[in-house]
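Asks: build me a structure from this.
(2 chains)
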Amino acid sequence: MNDGLLREYLLGRLAESERHEIENRAFEDDTFEEHLREVEYDLLDDWARGEISEADCAVIEKRFSAEKLAVARCMRKRPVSARPPGPSGAWMAVAAGILFCIIPAGYFWRETDRLRTELEKAKKQPALSPAPAPSIVTLALNVPSTRGSAVPVFTIPATSGLVQITMNVEPGYEFYEVRVESADRGLVFSQGLRSSNSSLVLNIPASLLRTGNYDFVLSGQRNGSTALLASYSCRIEVR
Amino acid sequence: MDGPAGAKSGMTEGGLKKLLGSLSQDQERAAELYLHIQGKLIRYFSWNSCAHPEDLADEVLDRFARRLNEGEQVERPISYILGVARRVLIETKRKELAVTMPIEREFAKPTPAGDDANMACLDQCLEELPPESRALLLEYYSAEAAARVRVRQRAADRLGLSVNALRNRVLRLRKNLETCIQDCRAGRKETESL
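Replies: Below you'll find the model as predicted:
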C-alpha cells in the first residue's frame, strides 16, 4: 500500500471499501499501523512547511486535532541544530514548578475547611477496600492532597490484573482527564473520562503500577478550556 | 440496547473481567492488550476526525464488554471491536451533522500569540527529554519530503537500528511530546485565568 493512498485515507478521501481495508490492516498489523502514523506526521510536517496544496491545507486544518497541528508547526520552526535555550529553559521549568505549586495552593486554600473535615473522615476509613475478585482491586481516592496532609497507602496484590480507582470530582465539566504520575517514572497512564455525577472510575492495568509514590492529577474541560481540579497523592505498594 | 455514542455508561466488573479474559488468559498480557487496543481505537477515531477520540474508544470497549457480559461468543475480538468502532463512528458523525455550529479548532489558524505560547511549551517539553532523544526527534523531522528517506536511513544506520525500530522509537517520542505540550498549554491557560 503506497504512502499516497495512506495520505488520501488521512485526508478522508477514500471510498468505504478502501478505507476499511486500511483500517482492518491497521488493527491487525502493528508495523503497518506505525507506518500509517509516520505518514500522518509527515503529512502534518508538509502542511507546516507549506509544501502541500491549498485544498489539502484546508482539509488538514479541519480534520486534525489542534495539538497535532501545533506540534507540527512548532517543530518546523525549531531547526534541527537548535536546542531549547538553556538558561531561559531552566528558568521556565522553575517558573512552571512554582506555578504548579501556586495553582493547587490557591484552589486548596479555598477548600481548606471542607477538605479538613473530609480528611478526618478519610483517616478513619480503611485505605483499601477489599477486592471482590483476586484479579481486580478497587481503590477510593476521596480527598485531594494538601500540603502536609497524610498520604494514604494502598496495597495491591502482585497478582492483580486491573486496578479500579474511584475519585470524587467537581461536577459540571464536559470531560475529565486523569493523569497518573509516578514520582520516579513520570507519567505512567492517562485517561479521558466523562461523568454525569460526582465520581469517576478509572481503570488501570495493574502491571503499570509498581511500588512507589503516585499523583493522580485530575483536570476538567468545559467550554473549550481546561482547568486543573485536584491532585490526589498516594503511595502504592505491590505485594 | 446501546446508548448513544459518547455517553459513557461505565463498565461493569463482570464485563471488564470477560473483556480481559477474551484478550488473553494471562492477566498481565490481557491488561497490555487492553491498552494496546485502546490506543488503536483512539488513533482510529482521531484519523476519522472525531473531537473526543478517547471517549469514543472507551465507549467501544464498554459496548464490547457489555456484549460479552450478555453471553455473546466472540471468536476474533480485534475484528469485533473494529466493527463496534465503525458503528460508534457512524453514530458520532450523525450527531455531528445535527450540530449546526462547527467546532472551531483552537490552533487551526495560526496566531502569533498562540504560536509564542506553543513554542515556549515546545522548548519546555524538549528540555525535559534526554539530550539524545531531543536531537533524534529534531533530526528525524528536519528533512523536507525529498530528503526524508535518506535522513532517516542515515540516523538508523548511525544508531544501529532498523528503520522500523527507529520509527517506533520516534513515534513514541513525538506522542509524548504532544502530550507534554497539551499539558503545558492547559497549565498556561489555568494560570492566565487566575
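
Asks: use CA for all of it now, contacts and neighbours both
Replies: Noted.

Asks: please report the distance of residue B:173 from residue A:13.
Replies: 29 Å (CA to CA, to the nearest Å).

Asks: repeat for residue A:206
Replies: According to CA to CA, residue A:206 and residue A:13 sit 41 Å apart.

Asks: looking at the two, which one has more neighbours?
Replies: residue A:206 (24 against 14; other CA atoms under 10 Å in any protein chain shown).

Asks: shouldn't the more buried one be in contact with residue A:160?
Replies: Yes: between residue A:206 and residue A:160 there is a contact under CA atoms under 8 Å: 5.9 Å.

Asks: quick one, strands of chain A?
Replies: A:136-141, A:153-156, A:162-168, A:175-182, A:186-193, A:199-205, A:212-222, A:225-238 (DSSP state E).

Asks: with mean pLDDT added, can I get the ones you listed in TSV?
Replies: What follows is the strands of chain A, written out as TSV (pLDDT from 0 to 100):
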stretch	mean pLDDT
strand A:136-141	77
strand A:153-156	86
strand A:162-168	79
strand A:175-182	81
strand A:186-193	73
strand A:199-205	75
strand A:212-222	85
strand A:225-238	83
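
Asks: let me have those strands in TSV, extended by distance to residue A:53 and mean neighbour count.
Replies: Below are these laid out as TSV (distance: least, CA to CA, whole Å; neighbours: other CA atoms under 10 Å in any protein chain shown):
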stretch	distance to residue A:53	mean neighbour count
strand A:136-141	51	21
strand A:153-156	54	18
strand A:162-168	47	19
strand A:175-182	35	21
strand A:186-193	34	16
strand A:199-205	43	19
strand A:212-222	34	20
strand A:225-238	32	19
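
Asks: would you turn these into TSV with distance to chain B?
Replies: As requested, those are exported to TSV (distance: least, CA to the nearest CA, whole Å):
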stretch	distance to chain B
strand A:136-141	8
strand A:153-156	14
strand A:162-168	7
strand A:175-182	9
strand A:186-193	6
strand A:199-205	5
strand A:212-222	9
strand A:225-238	6
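
Asks: out of the ones you listed, flag the one nearest residue B:150.
Replies: strand A:186-193 (33.5 Å; CA to CA).

Asks: ok, and the closest non-adjacent residue to residue A:173?
Replies: Spatial nearest neighbour of residue A:173, chain neighbours left out: residue A:222 (5.2 Å); criterion: CA to CA, 6 or more residues apart in numbering or on different chains.

Asks: about what we covered before: rebuild the strands of chain A as JSON lines, extending it with distance to residue B:19.
Replies: Shown next, in JSON lines, are the strands of chain A (distance: least, CA to CA, whole Å):
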{"stretch": "strand A:136-141", "distance to residue B:19": "13"}
{"stretch": "strand A:153-156", "distance to residue B:19": "21"}
{"stretch": "strand A:162-168", "distance to residue B:19": "12"}
{"stretch": "strand A:175-182", "distance to residue B:19": "22"}
{"stretch": "strand A:186-193", "distance to residue B:19": "18"}
{"stretch": "strand A:199-205", "distance to residue B:19": "13"}
{"stretch": "strand A:212-222", "distance to residue B:19": "25"}
{"stretch": "strand A:225-238", "distance to residue B:19": "24"}
